[in-house]
Each structure stands twice: as structure tokens, then as C-alpha cells.
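1. dropping a prediction and its sequence here:
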Amino acid sequence: MQHALNWFEIPVADLDRAIRFYEALTGRKLRREAFGGPGEELAVFEVDERGAVNGALLRSSQAQPAAQGTMVYLNASPRIDLWLERVPAAGGRVLVGKTALPPGMGFFAHILDSEGNRVGLHADA
């Protein structure tokens, strides 16, 4: 097993709004894809390397945004501060600012996205 995680989905109510939020946050485009039945759609995060952990935004009647439950941490490299600066302008809120982890483990933060999901950020600096 190369990674403990290989795919994630962040549930969204408004896919267009969520795409705008995550593109502004990450500085990267998301790729829209049809998925499942009527009204179900994905917006996939693009990754640079084969075998990297990847995921998508998911609009589906079976998945609802939530601030509680499992939390996904996005790779906010090279510096978490850059990502945190983008959150308010993108339509989100910083819940927990940059916080140091034990030595050698980097930093984390928690944000509330445009859909009401609590999402973690992680970076070495």
C-alpha cells in the first residue's frame, strides 16, 4: 500500500460556487465530469504526478456538506499562509489559523469552505 488514502470527495450543494472557491483557494483549475445519475456531477482536482492522492468535489443527493465528521486535509504547499490569505476572498472562513505540529510534521489549519464543509490544510511551512 503506497498511501493510506487514494481518493476523497468533498460534498457540495452548489458545484459552480464550490469550483470558484477551490480554484481561488488552490490556484489550480478543477475538471468537471459527469458522474452517476441525473444531478450528480464531479469537479476533479488536477494532480501533477501519477499515483498521487486525488479527489473531487461531489454534487449528489446522496452526499451533503457538513462541518462535522471526517475531515480531508489538502496539501497547502509550499506555504500554508498563502492559502489562508485566499480563504476570505474566495468565500470561506478560517476556523483554526496556522498551527504548528510536533517538530518535523509541519503546520495545519482548518477552514470552512463555501459549502459549509470543515476542511483541513497542511504544509511543511
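-> Looks like it arrived, so ask away. Numbering: from 1, shown residues only.

2. quick check, distance from the host helix or strand of L82 to the centre of its chain.
-> In this structure, L82 sits in helix 80-90 according to DSSP states H and E. In terms of Cα atoms, centre = their mean, to the nearest Å, the centre of helix 80-90 is set 13 Å apart from its chain centre.

3. what sits up against the helix or strand following it?
-> Using DSSP H and E, the helix or strand that follows helix 80-90 in sequence is strand 93-100. With Cβ atoms under 8 Å, 6 or more residues apart in numbering as the test, strand 93-100 has contacts from 80-81, 84, 87-88, 107-112, 118. C-betas here are computed from N, CA, C, even on glycine.

4. how about stretch 31-46?
-> By Cβ under 8 Å, 6+ apart, stretch 31-46 touches 9, 15, 18-19, 22, 26, 28-30, 54-61.

5. again, only this time at 7 Å
-> 15, 18-19, 28-30, 54-61 (Cβ atoms under 7 Å, 6 or more residues apart in numbering).

6. helix/strand/coil for L58?
-> strand (DSSP: H, G, I helix; E, B strand; the rest coil).

7. run a quick neighbour tally on it.
-> Close neighbours of L58, defined as other Cβ atoms under 10 Å, add up to 22.

8. number the residues from 815 up from this point.
-> Taking 815 as the first residue, the last one we looked at is L872.

9. what's near enough to touch it?
-> So L872 contacts 823-826, 856 (Cβ under 7 Å, 6+ apart).

10. run through the bridge partners of the residue nearest to it when sequence neighbours are not counted.
-> Spatial nearest neighbour of L872, excluding adjacent residues (Cβ to Cβ, 6 or more residues apart in numbering): E823 at 4.2 Å. Per DSSP bridges, the residues bridged to E823 are A870.
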